[in-house]
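>>> fold the stuff below for me.
(2 chains)
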Amino acid sequence: MASSSSYNSPCAACKFLRRKCLPGCIFSPYFPPEEPQKFINVHKIFGASNVTKLLNELSPHQREDAVNSLAYEAEARVRDPVYGCVGAISFLQRQVERLQKELDAANADLIRYACNDFTPTPPLPVPNMALRQRPVEFSRRLSMGHHHDGGSGGGFNQTPSFPIPYTLPNWNDHQNPSGDHIHGGGGGSI
Amino acid sequence: MTCTRCAACKQLRRRCPSNCIFLPYFPPNNPQRFSYVHRIYGASNVGKMLQQVEEHQRADVADSLYYEAYCRIKDPVYGCVGIITVLHEEIYHAQCQLAKVQAEIDLLKAQAPVQGELLGLQVNEFLANQNGAYCSTQSSFDPSFY
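Take a look at the predicted model:
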């Protein structure tokens, strides 16, 4: 049986750019012709030459993850032209903060119950840092690598190790990077 | 033309018109900001992205583009998607931990009335034994014992 027709057909990038897809095309492993939208988004946001430069600076084994993360960012930017991925980061950070507060309150309740004080207490913010030493240590995980199937596939085994250069916008919880949303006036400014 | 060119026009070595779209968001005193954005997106793409939104949104667009460009330069493989991945994992672990703590609380809550009841039964049993033993050996009742 003949191999897949994609063997001879140009990659999505060369199809979009209307050029011949040469054997060493840097895009062809990562932009198959069956996924035209992936390259369309990446091209719209980053541009083909910028993507080429980015990929040329990386080792071949890193390029697939780089392309997938670029595609993810491009799609997020297409869906949310104002905040892109940053809106999602803002939303997730607020979720983390909310969960940490809930965990602090639950740990406080647990200690009270363990000390035989069975009176339930209303959820109060507990500033006691000792409670944070109980199970969840977010900072430790930043130094560990994890495999996670996020975004548009591929394994993103990486943890950031740099500070955020500006205050993230106050992105409302009902804003969804993958759906309709309201562009609220964020406070992001340097 | 403005006397002082914005960072974009300076780097692109061109005149900076008074209505330059980059001028409000890429001031000349912060050349790195435009440099990063230009390196990742290209000036014309940035200009298009600024133009396609309303004016009051452009500052946020410029800020978020700078943030993403900064992340991409520092982490060329994952950019800010790496941060999203870590946040998802933090949320997952926090939810698991919260569920564990809630389960422990529920267990303690469930045990608390049982322990109290058992303690009560033991006390009653002890008192009953004491009463019986006392009656079999002595004829008088000493209330001060209790």
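>>> which stretches of the chain have low pLDDT?
No chain in the question, so chain A it is. Counting by pLDDT under 70, chain A contains low-confidence residues at A:1-8, A:117-190.
>>> that's the wrong chain, I wanted chain B
Judged by pLDDT under 70, the stretches of chain B that qualify are B:1-3, B:113-146.
>>> could you pull out the helices for it?
Residue ranges of the helices in chain B, as given by DSSP state H, are B:7-12, B:31-41, B:43-51, B:58-74, B:81-137.
>>> neighbours of the nearest residue to B:I73 once chain neighbours are set aside, just the number please.
Once flanking residues are discounted, B:I73 sits nearest to B:Y36: 5.8 Å by C-beta to C-beta, 6 or more residues apart in numbering or on different chains. The way it works is simple: take the backbone N, C-alpha and C, and place the C-beta from them, glycine included. Neighbours of B:Y36 under the rule other C-beta atoms under 10 Å in any protein chain shown: 21.
>>> then the one 5 residues further on?
Other residues lying near B:Y41 total 22 when counted by other C-beta under 10 Å.
>>> who's in contact with it?
The neighbourhood of B:Y41, defined by C-beta atoms under 8 Å, 6 or more residues apart in numbering or on different chains, consists of A:45-47, A:50, B:49, B:65, B:69.
>>> for those, pick the one with the most neighbours.
Most neighbours among the contacts of B:Y41, by other C-beta under 10 Å: A:I45, with 27 neighbours.
>>> now do that residue against A:A76, distance only.
Per C-beta to C-beta, to the nearest Å, A:I45 is found 9 Å from A:A76.
>>> A:S69: which of the contacts of B:Y41 is nearest?
When the contacts of B:Y41 are compared for distance to A:S69, the smallest value, 11.3 Å, is given by A:F46; criterion: C-beta to C-beta.
>>> let's have the contacts of B:Y41 in a markdown table, adding distance to B:L23.
Listed next are the contacts of B:Y41 as a markdown table, based on distance: C-beta to C-beta, whole Å:
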| residue | distance to B:L23 |
| --- | --- |
| A:I45 | 22 |
| A:F46 | 24 |
| A:G47 | 22 |
| A:N50 | 23 |
| B:M49 | 16 |
| B:L65 | 16 |
| B:A69 | 19 |
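>>> which one of those is nearest to A:F91?
Lowest distance from A:F91 to the contacts of B:Y41 (C-beta to C-beta) belongs to B:L65, with 18.2 Å.
>>> now do the closest residue to that closest one other than its chain neighbours against chain A, distance only.
Closest residue in space to B:L65, ignoring its immediate chain neighbours: B:V37 at 5.2 Å, by C-beta to C-beta, 6+ apart. As judged by C-beta to the nearest C-beta, to the nearest Å, B:V37 and chain A stand 11 Å apart.
>>> what is the longest helix belonging to chain A packed up against?
In chain A, assigned by DSSP H, the helix with the most residues is helix A:85-114. Using 3 or more C-beta pairs under 8 Å, 6 or more residues apart in numbering or on different chains; DSSP states H and E as the contact criterion, the neighbours of helix A:85-114 among helices and strands are helix A:60-79, helix A:129-132, helix B:58-74, helix B:81-137.
>>> so which of these is nearest A:Q100?
Among these, helix B:81-137 comes nearest to A:Q100, with 6.5 Å by C-beta to C-beta.
>>> about what we covered before: the helices and strands packed on helix A:85-114: which one's closest to A:L92?
Each of the helices and strands packed on helix A:85-114 was checked against A:L92 via C-beta to C-beta, and the shortest separation belongs to helix B:81-137, namely 3.9 Å.
>>> circling back to that earlier point, of the helices of chain B, flag the one that's most buried.
Relative to the other members of these, helix B:58-74 carries the highest mean neighbour count by mean count of other C-beta atoms under 10 Å in any protein chain shown, namely a mean of 23.
>>> distance from it to the middle of the chain?
A distance of 20 Å separates the C-alpha centroid of helix B:58-74 from that of its chain, computed with C-alpha atoms, centre = their mean, to the nearest Å.
>>> format the helices and strands packed on helix A:85-114 as CSV; extra columns: distance to B:S44.
Below are those laid out as CSV (distance: least, C-beta to C-beta, whole Å):
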stretch, distance to B:S44
helix A:60-79, 15
helix A:129-132, 48
helix B:58-74, 13
helix B:81-137, 24
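>>> nearest to A:P36 among these would be which one?
Between those, helix A:60-79 lies closest to A:P36; by C-beta to C-beta that is 12.0 Å.
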